[in-house]
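In: Build me a model from this:
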Amino acid sequence: MSANPHKKADVESILTWNYFGGKGEPLTNGFFRRDQYVKKKDRGPKKALRRESINIKINPSLIFESSFLKLLGCVPIDVCTSFLQLHPRFEKWSLRYFLEKYGLDGKADMPMSKLWKYYSEAKDRTSDSSKKHMHEIANYCVIDALRCQELMVKSNVINDYREVASIVHISLFDSYYYAIGTKVSNLLGAEA
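Out: Residues are numbered from 1 along each chain as shown. Here you go, the predicted model:
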């Protein structure tokens, strides 16, 4: 994804360009470990590791800083954030809790430290144990992704976002990422 015709694009450079908007740096071990739930201090977008992020309002005093891979036609929806918006008074904020609440099967367990250890070992050298560890990581990711999809389907969250977007004349992306004030002003503008 370079303007230089002599430079070849590889998978890593394309993903880096898509994720960081063309000006980023490769993912690091600490990238996903930062605290994404922050108390609201200002209304502007934050910049971290030279990338912009979008703030999603959970309640008046709590926002979620969301960053995601930018793919054309795709609206990435964070399941935990969606359920925090739907159920702001719940005492727990975990995928496991929401799965239990909706009567679905549990998620796979793997601590992030173990995941990064396995990944680092597999990246450095290939062995039978690293292949087994990568299989465990793939199993963990597939099961958790499936549980998130099951939760979204059972709770009908995506159809709710689509319905709101249709009623207030905004995109599905805006329906998920922006606060209710934007939706109300668009609805009033459309009806005027």
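In: Name the residues of the helix ranked longest in the chain that come out as buried.
Out: If you go by DSSP state H, the chain has its longest helix at helix 128-155. Under the neighbour-count criterion of 16 or more other C-beta atoms under 10 Å, helix 128-155 has 130, 133-134, 137, 140, 143-144, 147-148, 151-152, 155 buried. (C-beta placed from N, C-alpha, C; glycine too.)
In: Stretch 73-90 now?
Out: Result for stretch 73-90 [16+ other C-beta under 10 Å]: buried residues 75, 77-85.
In: Show me which pair in these is furthest apart.
Out: Using C-beta to C-beta, the buried residues of stretch 73-90 span at most 17.6 Å, a distance reached by 75 and 84.
In: Can you show me the helices along this protein?
Out: 11-20, 79-86, 95-101, 112-124, 128-155, 157-168, 172-177, 180-191.
In: Now distance to residue 65 and mean pLDDT too, for the ones you listed, in a markdown table please.
Out: Putting the helices of the chain into a markdown table (distance: least, C-beta to C-beta, whole Å; pLDDT from 0 to 100) gives the following:
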| stretch | distance to residue 65 | mean pLDDT |
| --- | --- | --- |
| helix 11-20 | 15 | 58 |
| helix 79-86 | 10 | 84 |
| helix 95-101 | 18 | 88 |
| helix 112-124 | 18 | 85 |
| helix 128-155 | 19 | 90 |
| helix 157-168 | 20 | 86 |
| helix 172-177 | 12 | 81 |
| helix 180-191 | 18 | 68 |
